[in-house]
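> Quick check, what structure comes out for this input:
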Amino acid sequence: MTQNNYDVLIIGGGMVGASLACALAGQDLRIGLVEAAPLNVSEHPGYDDRSIALAQGTRRIFQTLGLWDALALTATPIRQIHISERGGIGFAHLDSRDQGVDALGYVAEARLIGAALRAQLPTLSGVDLLCPARLEQVVIKPEAAYATVHFFNEDRTVEIRAGLLVAADGAQSPVREQLGIAAVRWEYGQHAVIANITPTLPHENIAYERFTAAGPIALLPMSDQRCAVVCTVNDSEVPAVMALDDADFLSLVQERFGDRLGPFVRVGRRQSYPLFLLKAREHARARVAVIGNAAHTLHPIAGQGFNLGVRDVAALAEVVAEARRSGEDIGDLRVLSRYADWRRWDQRRTIAFTDALNRLFANPLWPVRAARNLGLLAFDLCPPLKRQLARQTMGLDGRLPKLARGLALTA
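Reported below is the predicted structural model:
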């Protein structure tokens with residue numbers, strides 16, 4: 001058995017785990033990044049590439065980490081957000097000019113975000129890429145000065161001891177499960193059907209969130225005048241929707257969204273995934289921090305999930321860097337509790353916002369519908385409320401980590 005020791009061991013080399021490795025590099029730490037799949041940088045983008053909404057705060061964090069230049073040429077800015085309900089008179093809109101920013105957010109292809117991260121990882125000093133590797137066992141003994149992890153890599157079992165173990169391994173987190181960290185999960189009874197489509201009219205950098213009796217539908221502006229569509233359907237309807245031919249699927253999207261962008265003329269490959277809310281009961285314990293989807297998985301409404309995970313990264317990296325400089329044990333519960341306490345309000349507020357929004361607009365009762373429409377109209381006429389919502393969804397509200405303020409962790 002091969003044995004290695006690390007200060008920080010990150011389990012999960014997806015976008016959140018890789019972002020943490022980039023954030024912690026240069027902090028006089030030996031870091032290991034464990035990922036089951038090879039970390040290859042793939043080549044050409046395609047019409048069907050899945051896209052992710054990046055909040056303004058996430059863009060600032062990526063810029064501070066030196067990642068944004070690789071994305072800036074292809075990321076599509078969101079200048080406005082238009083919110084409406086099908087069949088109702090109420091609507092609201094947010095405009096980047098009113099908020100004093102160049103964009104409320106950006107839409108970037110997930111493959112290109114991953115490529116930017118994976119291109120940077122091999123250049124980082126003090127970071128070892130341990131992949132492909134299959135996690136086998138995680139053990140943390142009471143009062144131990146390290147966590148012990150066994151994984152299978154290149155036909156041998158490797159044992160790693162780490163002062164801090166970070167679970168960045170997704171909603172089904174094996175680390176969380178092996179350590180007995182409980183999580184609450186709520187099934188929405190819905191799937192998100194995602195695809196890229198091309199409308200007749202230019203999107204003009206406007207993102208749309210439209211609520212319908214059948215579920216919310218979102219259109220995000222992309223490059224080449226494409227739009228990413230996220231269409232929510234009930235679980236029972238998924239097989240039929242996925243079996244539609246392209247023309248019938250475009251008709252379904254058109255019927256739910258309306259004619260604001262003209263007829264839709266092209267659609268790419270469809271994918272679907274179940275929607276659920278997941279919240280870990282603990283985000284920190286001695287030797288362990290839980291981040292990203294392993295800590296919280298949200299409904300995609302308002303596009304907050306990945307951005308919430310990146311804010312976890314920025315906060316945890318700052319807490320660890322400061323503890324390291326002051327000579328503290330970075331895996332001590334008193335240190336990691338600072339991370340959990342810092343992130344608690346943002347996580348709870350964002351989860352409550354996305355969950356409540358989905359439930360509110362799913363209510364079919366006409367008094368509720370009438371109140372929703374009046375609420376949208378009132379919201380649109382109240383600049384302070386719009387500013388508060390914009391700051392929250394941009395990830396620029398509350399206590400901001402250094403990385404979100406454009407400051408290096410050593411500053």
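
> Show the residue spans covered by the helices in the protein.
15-24, 56-64, 69-72, 96-99, 110-120, 174-178, 238-243, 246-257, 305-325, 333-362, 366-380, 383-393 (DSSP state H).

> what about those helices, which gets the closest to Gly88?
helix 366-380 (4.2 Å; CB to CB). All C-beta atoms are positioned from the backbone trio N, CA, C, and that covers glycine.

> who touches that closest one?
83-85, 88-93, 211, 360-361, 363, 385-386, 389 (CB atoms under 8 Å, 6 or more residues apart in numbering).

> Counting neighbours, which of those end up buried?
83-85, 90, 92-93, 211, 361, 386, 389 (16 or more other CB atoms under 10 Å).

> Include distance to Arg176 and pLDDT when you put those residues into JSON lines, please.
Below are the buried ones among the contacts of helix 366-380 laid out as JSON lines (distance: CB to CB, whole Å; pLDDT from 0 to 100):
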{"residue": "Ile83", "distance to Arg176": "34", "pLDDT": "89"}
{"residue": "Ser84", "distance to Arg176": "38", "pLDDT": "87"}
{"residue": "Glu85", "distance to Arg176": "37", "pLDDT": "83"}
{"residue": "Gly90", "distance to Arg176": "41", "pLDDT": "74"}
{"residue": "Ala92", "distance to Arg176": "37", "pLDDT": "85"}
{"residue": "His93", "distance to Arg176": "39", "pLDDT": "89"}
{"residue": "Phe211", "distance to Arg176": "33", "pLDDT": "87"}
{"residue": "Phe361", "distance to Arg176": "31", "pLDDT": "73"}
{"residue": "Lys386", "distance to Arg176": "37", "pLDDT": "86"}
{"residue": "Leu389", "distance to Arg176": "31", "pLDDT": "87"}
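
> Thr76: which of the contacts of helix 366-380 is nearest?
For those, the nearest to Thr76 is His93 (17.9 Å; CB to CB).

> Surely that closest one and Ile83 touch.
Yes: between His93 and Ile83 there is a contact under CB atoms under 8 Å: 6.9 Å.

> what's the closest of the helices of the chain to Glu282?
Closest among the helices of the chain, using CB to CB: helix 333-362, at 7.7 Å.

> Give me the buried positions along the closest one.
Neighbour count says helix 333-362 has 335-336, 338-340, 342-343, 346-347, 350-351, 353-355, 357-358, 361-362 buried, by 16+ other CB under 10 Å.

> who touches Leu250 in this structure?
Here Leu250 is in contact with 197, 264-265, 267 (CB under 8 Å, 6+ apart).

> For it, give me the pLDDT.
Note on Leu250: pLDDT of 97.

> Same question for Asn358.
Reading off the model, Asn358 has pLDDT 78.

> With the one 5 residues further on instead?
Reading off the confidence values, Asn363 has pLDDT 67.

> Same check on Trp345?
For Trp345, pLDDT reads 94.

> Count the neighbours of the closest residue to it other than its chain neighbours for me.
Excluding the flanking residues, the one nearest Trp345 by CB to CB, 6 or more residues apart in numbering is Gly398, at 6.5 Å. For Gly398, the count of nearby residues is 12 (other CB atoms under 10 Å).

> Write down the beta-bridge partners of the closest residue to Phe361 other than its chain neighbours, one by one.
Of all residues not flanking Phe361 in the chain, Phe211 sits nearest, at 4.0 Å (CB to CB, 6+ apart). Beta-bridge partners for Phe211, by DSSP bridges, are Glu85.

> Enumerate every residue touching Phe211.
Contacts of Phe211 (CB under 8 Å, 6+ apart): 84-86, 361, 372.

> Pick out the most distant pair among the residues you listed.
Arg86 and Arg372 (11.6 Å).

> Mean pLDDT per element in this protein, and the minimum belongs to which helix or strand?
helix 366-380 (a mean of 74; mean pLDDT, DSSP states H and E).

> Which residues belonging to it are considered buried?
369, 372-373, 376, 379-380.

> Kindly export that helix (C-alpha atoms) in CSV.
Extracted in CSV, the C-alpha atoms of helix 366-380 (Å, rounded to 0.1, in the frame of the first residue of the first chain):
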residue,chain,number,x,y,z
TRP,A,366,-56.9,31.9,-8.7
PRO,A,367,-56.5,34.2,-5.6
VAL,A,368,-52.8,33.1,-5.4
ARG,A,369,-52.4,33.8,-9.1
ALA,A,370,-54.0,37.2,-8.8
ALA,A,371,-51.7,38.0,-5.8
ARG,A,372,-48.7,36.8,-7.8
ASN,A,373,-49.4,39.1,-10.7
LEU,A,374,-50.0,42.1,-8.4
GLY,A,375,-46.8,41.2,-6.6
LEU,A,376,-44.8,41.2,-9.8
LEU,A,377,-46.2,44.6,-10.8
ALA,A,378,-45.5,46.0,-7.4
PHE,A,379,-42.0,44.6,-7.4
ASP,A,380,-41.2,46.1,-10.8
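
> what's the closest of the buried residues of helix 366-380 to Leu219?
Leu376 (17.8 Å).
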